[in-house]
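>>> Coordinates only, no sequence provided:
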């Protein structure tokens, strides 16, 4: 019989895949002898079985749950379901990867109409008993039965108003008893049946609800965002309750062993007295900073400090801990490696190396490549910032500068962002349902909540600027405005938030690009020391090339020449070439483009300081360069002094039913070899010019969309004849390389033949993905959402390289290429070149370099180091 349930004492930290992160860490803390309330974990395998069995909890799992519960009863000296001395438990999810706020928690499970009175007598604290029961009803209704918690909050708010108080803690036992009665009535009205009184039924329903929550929309979005497979499932932790809501000597808190925003080595966090579980992170009351606990309860503070130090040394990483104080006694409810800002990640990693706790390689692995995105984020222009006056200040919850139009719901944030507008999401407090709106926003502003609230934790994880708990603002989400100091800001008003200082401004402030800190340079130095893959950039102009060069790019892996043709008077020259009737007229038009292209290449070569630059010849179909409306055609005819009909006939002749598979790429160079001649002349003349200034450029000429070696041979003859003639005219020596993009599946399948002509391959994985799957990247959005919803796909194949299909073609082509030409150079230049998951694949597939957009160069450098540390090259 399979084992689906483990007591905390039976597990350890290595069992993360089976017990989930939370369960494995609770087991580990139990093993370390820390004060952890007793409990057990229902494994991720039980979750997988639940889904395999058609969302049914198998009887053997149920039996094992109750057997483990018996052990916990003996350990605690209490009985589950007993009316006089009830054992109450919490039910919490815990996946293998940390998913903050994505899954649901239930506290005080086991209470009913009779045992609540027993608990009141036993503790001599009726207020505590009824407070625990009303919380349980509300959580059970919300998490298990999917009844909106607002139904119950409204009842609480009415009672507080009647009594003239603001806080839940100001309600007494009688108030809470009355609220419980109303909660039970409301539950029965909404559910059509009374609130379950059998604790066994409550427990099984709660376990099933946690398993169900693994498949809720917000969990699916978070998983897709973070590349967490659906098949992992979640574990469920059932733990005996300790109570932070027993009175003024009880409390609950969340703390980090170091500051998660700056990385400073100080305890950082918050706690609330007379509170329970989610109160601290839900942002309902504003908590006290952890340092204040030293005054409130010096003994507990000293013990907690010792535990934090012990856990950090044990895990050799910064810890995020949850704790409860019950009548002055400390209990640990969770520890995990803490989420942190990119800035903090760098400092913590480097400090831990200095402290001798970890090695350089471990420090490199500790920093998530994607997190560097936040470091490369914008700040405010200092001059503009000085002139601006803040309207309020909140907590600096996630660093970076955000400027956008205020919106008050996740739906509007998504819509406006899709329409190209920049938005800042303003909420009283965010909840996991807001995740898609948070992704779509430049920044997040909340009126309630602390540094460990949902908004703060999720924003830090995504690298989005966030100001939380700006207590002076009144947010009216229904009527779409917020007020501060008597001034109203409606939906669409421009605001700016500084997630590094907490200041909020009622105007748009100019943002500027980030500057890189000393810690960044140290870590990137280590990354470069341990990586094998080279990192190049995709750059079409000197400006982008310079940015990438400053970020450590080792060359340009893709310079798209067509982007140069769309500027100013160039578009006119290319249109002249397109409408020309004969080779002579085409050459005349191309002659106008030559000096412009040459100058572009000179600028890029210089910006890259002589490093390799791979120039891709003209790729898109010619129809992209011509006007499409009759009005624009008439204008062009007038400008060119040609009859309107002539222009119209040319444009119509360029129309294609499927341009992605049409007259483009190498097909253009074959039908119009004069284009390849002009581009070759520009590339070679530019290289000769800069080499005269002391650079050592070796230009790399790359022909796109080759599917047959004979295509490449034809273009190679044109390129070679032109290049050799230009070099001879100049009377110099110049080395250049000739290669191709592998982006047509047939090109990958016949790579061995193609390598007879090509000196290098660059995998254009955008087109290779389109042609392998047979769907267009521009149209895939129409059905991919449905694919995700129906679990056909778990991630976007244009964001993460499809390793089973497209990846196999890449591996096959690399192998065949090397068999033909031992020293062939292979790289990748699609969007995947900046995706850490795809970079790991490229490393294992034996590629020489990846090429990505300039701002992803540091991410790719770090991801390449991760890949080589995990999978060292022989």
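Great, that's in hand. Only a predicted model underlies this, so the values are computations on that prediction, with no experimental measurement involved. Numbers count the residues shown, from 1 in each chain.

>>> how about low-confidence regions in the stretch 551-700 of the chain?
567-568 (pLDDT under 70).

>>> Which stretches in it count as helices?
Taking DSSP state H, counting those that start in this stretch as the test, the helices found in the stretch 551-700 of the chain are 570-579, 583-607, 630-640, 644-654, 666-671, 673-691.

>>> closest to residue 77 out of those helices?
helix 583-607 (73.1 Å; CB to CB). C-beta: built from backbone N, CA, C; applies to glycine.

>>> And the closest one, what's buried?
586-587, 589-590, 592-594, 596-598, 600-607 (16 or more other CB atoms under 10 Å).

>>> same deal with stretch 754-773?
Buried-residue list, stretch 754-773, by 16+ other CB under 10 Å: 754-755, 757-765, 767-772.

>>> what separates that stretch from the chain centre, distance-wise?
Here the centre of stretch 754-773 is set off from its chain's centre by 28 Å, with CA atoms, centre = their mean, to the nearest Å.

>>> coming back round to it: return the subset of the buried residues of stretch 754-773 lying in strands.
760-763 (DSSP state E).

>>> for the stretch 1-150 of the chain, what are the low-confidence residue spans?
Looking at the stretch 1-150 of the chain by pLDDT under 70, you get 100-103.

>>> where along it do the strands fall?
Per DSSP state E, counting those that start in this stretch, the stretch 1-150 of the chain carries strands over the ranges 5-7, 39-42, 89-95, 105-109.

>>> Repeat that for the stretch 151-300 of the chain.
So, for the stretch 151-300 of the chain - with DSSP E, counting those that start in this stretch - the strands run 234-240, 251-256, 268-273, 288-289.

>>> Nearest to residue 69, out of those strands?
strand 234-240 (7.3 Å).

>>> ok, the closest one: who's next to it in the sheet?
If you go by DSSP bridges, strand 234-240 pairs up with strand 39-42 (antiparallel), strand 89-95 (antiparallel).

>>> average pLDDT for that strand?
Strand 234-240 comes out with an average pLDDT of 97.

>>> the inter-axis angle of that strand versus strand 105-109?
30 degrees (axes from the mean of the first three to the mean of the last three CA atoms, to 10 degrees).

>>> hang on, the earlier thing: closest to residue 188 out of the ones in strands among the buried residues of stretch 754-773?
Nearest member of these to residue 188, counting by CB to CB, is residue 763, at 61.7 Å.

>>> who's that closest one bridged to?
Going by DSSP bridges, residue 763 forms beta bridges with residue 742, residue 828.

>>> wait, it sits on residue 831?
No. Between residue 763 and residue 831 there is no contact under CB atoms under 8 Å: 11.7 Å.

>>> Quick check: which element contains residue 810?
helix 806-820 (DSSP states H and E).

>>> That helix: which residues count as buried?
Buried-residue list, helix 806-820, by 16+ other CB under 10 Å: 806-807, 809-811, 813-814, 816-818.

>>> what's that helix packed up against?
helix 745-749, helix 751-754, strand 760-763, helix 765-773, strand 825-828 (3 or more CB pairs under 8 Å, 6 or more residues apart in numbering; DSSP states H and E).

>>> mind running it again at 6 Å?
helix 751-754, helix 765-773 (3 or more CB pairs under 6 Å, 6 or more residues apart in numbering; DSSP states H and E).

>>> got these as TSV, with mean pLDDT columns?
Listed next are the helices and strands packed on helix 806-820 as TSV, based on pLDDT from 0 to 100:
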stretch	mean pLDDT
helix 751-754	99
helix 765-773	95
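
>>> could I get the ones you listed as a markdown table with distance to residue 679?
Shown next, in a markdown table, are the helices and strands packed on helix 806-820 (distance: least, CB to CB, whole Å):
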| stretch | distance to residue 679 |
| --- | --- |
| helix 751-754 | 20 |
| helix 765-773 | 20 |
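
>>> my guess is residue 801 meets residue 834, correct?
No. If you go by CB atoms under 6 Å, residue 801 and residue 834 don't touch, sitting 11.3 Å apart.

>>> Which residue of those two possesses the greater neighbour count?
Taking neighbours as other CB atoms under 10 Å, residue 801 and residue 834 compare with residue 801 leading, 29 against 26.

>>> Read off the pLDDT value for that one.
Reported pLDDT for residue 801: 95.

>>> Contacts only, for it.
765, 807, 832, 838, 841 (CB atoms under 6 Å, 6 or more residues apart in numbering).

>>> For residue 29, which residues are in contact?
So residue 29 contacts 36, 332 (CB under 6 Å, 6+ apart).

>>> picking that back up, indicate which one of the strands of the stretch 1-150 of the chain is closest to residue 320.
strand 89-95 (13.4 Å).

>>> So what's the gap between the closest one and the chain middle?
Worked out by CA atoms, centre = their mean, strand 89-95 lies 24 Å from the chain centre.

>>> what does that strand contact?
Contacts of strand 89-95 (CB under 6 Å, 6+ apart): 20-23, 103, 105-107, 109-110, 206, 210, 234-235, 237-241.

>>> next one: stretch 777-793
770, 798.

>>> switch to 8 Å and redo it
Residues from elsewhere that reach stretch 777-793 (CB atoms under 8 Å, 6 or more residues apart in numbering): 220, 224, 230, 766, 769-770, 794, 796, 798.

>>> buried residues in stretch 770-786?
770-772, 775, 777, 780, 784.

>>> and that stretch, how far apart are its ends?
18 Å (CA to CA, to the nearest Å).

>>> Tell me, how many residues neighbour residue 657?
Counted with other CB under 10 Å, residue 657 comes out at 6.

>>> Repeat that for the one 4 residues further on.
Residues lying near residue 661 (other CB under 10 Å) number 15.
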